[in-house]
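Q: what's the 3D shape of this:
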Amino acid sequence: MLVAAAACPCPPLLVPEVAAGAAPELDAARAACDEAIEALLAAEPDLVWIIGEGPNTRVHEPGARGSFRPFGVDLDVRLGAAGSEAVEETLPPSLSVGAWLLARAGWAGEVRGYEVAGDGAAFTGAADAERVGFLVMGDGTACRTLKAPGYLDARAEGVDAAVAAALRDLDVDGTLANLDADLARELKISGRAPWQLLSAAWGGRDGTGRLLYEDAPYGVGYFVASWT
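A: Predicted coordinates:
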């Protein structure tokens, strides 16, 4: 059963070593991620699933490795505690950032990763343990400014505002569940499939949603939310 979730952005720049001199620019986002994950772990899950977009849809078992070497930093991460046996799998950046955040929070329990291709897929991971937590990694539009990765698109600000409201209001049947795949591709949204998996797993049960951070540094919509 899903007992709590944290939604966080997934730019490698969240890792200070990757951001280097620009690291302070995302201090507020990191602090919000820490708060959301603290609330997630306070729900005492038996298992945490990190869910994020990648080129394939697949499960990554404990010990799977991620690396920030492609971003010029000699830093690797692993699903699970430091003593977990390494397996020859490479995590996509979204899951690598999630693994880094979870390790930063001191989580030493069981963790697995779910990489989901952009068009989404069915997922039953919420039934894998009696108490399950989701760490959902995904960015909003990448088209908020002229210098954004996707250039400026007039639709982007409104779409991001709707996503932020849905995360704040625990709206599992509206924006998050129905975000159009074509629109998400056009606006370079990486969070669509992970958010939809969260919405489906949460279902219609009651809970409390909190939006802890909303901004668009570098022209990309970043959100941090806590669902408990």
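Q: was I right about Val224 contacting Arg30?
A: No - with contact defined as C-beta atoms under 8 Å, Val224 and Arg30 do not form a contacting pair (9.3 Å). (Each C-beta comes from the backbone N, C-alpha and C, glycine too.)
Q: quick check: the residue most central in space within the chain vs Asp173, distance?
A: Averaging the C-alpha coordinates of the chain gives a centre point, and the residue nearest to it by C-alpha atoms, centre = their mean is Met137 (0.8 Å). Using C-beta to C-beta, to the nearest Å, we find Met137 at a distance of 22 Å from Asp173.
Q: picking up where we left off before, what are the phi and psi angles of the residue nearest to the centre of the chain?
A: Comment: the main-chain dihedrals of Met137 come out as phi -110, psi 130, following degrees, to the nearest 10.
Q: Glu38 now?
A: On the backbone of Glu38 - angles per degrees, to the nearest 10 - the values are phi -60, psi -40.
Q: state the distance from it to Arg78.
A: Taking C-beta to C-beta as the criterion, Glu38 is separated from Arg78 by 21 Å.
Q: those two: which has the busier surroundings?
A: Per other C-beta atoms under 10 Å, whichever of Glu38 and Arg78 has more neighbours is Arg78, with 24 against 13.
Q: shaky segments in this structure?
A: Scanning the chain for pLDDT under 70 picks out the ranges 81-89, 119-121.
Q: where exactly do the helices run in it?
A: Assignment of helices within the chain using DSSP state H yields the ranges 16-19, 27-42, 93-104, 156-169, 175-178, 181-186, 192-202.
Q: among those, which is nearest Glu115?
A: Distances from Glu115 to each of the helices of the chain were compared by C-beta to C-beta, and the smallest falls on helix 93-104, at 6.1 Å.
Q: show me what the closest one is packed against.
A: strand 2-8, helix 27-42, strand 47-53, strand 64-67, strand 76-78, strand 110-116, strand 132-137 (3 or more C-beta pairs under 8 Å, 6 or more residues apart in numbering; DSSP states H and E).
Q: list the buried ones in it?
A: Residues of helix 93-104 classed as buried under the neighbour-count rule (16 or more other C-beta atoms under 10 Å) are 93-103.
Q: any idea how far it is from the middle of the chain?
A: Between the mean C-alpha point of helix 93-104 and the mean C-alpha point of its chain there is a distance of 9 Å (C-alpha atoms, centre = their mean, to the nearest Å).
Q: can I get that helix in CSV, CA atoms only?
A: Extracted C-alpha coordinates of helix 93-104, given in CSV (Å, rounded to 0.1, in the frame of the first residue of the first chain):
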residue,chain,number,x,y,z
PRO,A,93,19.7,10.6,-14.8
SER,A,94,16.2,11.0,-13.2
LEU,A,95,16.7,7.9,-11.0
SER,A,96,20.4,8.9,-10.3
VAL,A,97,19.2,12.2,-8.9
GLY,A,98,16.5,10.4,-6.8
ALA,A,99,19.1,8.0,-5.4
TRP,A,100,21.3,10.9,-4.5
LEU,A,101,18.5,12.7,-2.7
LEU,A,102,17.5,9.5,-0.8
ALA,A,103,21.1,8.8,0.3
ARG,A,104,21.4,12.5,1.3
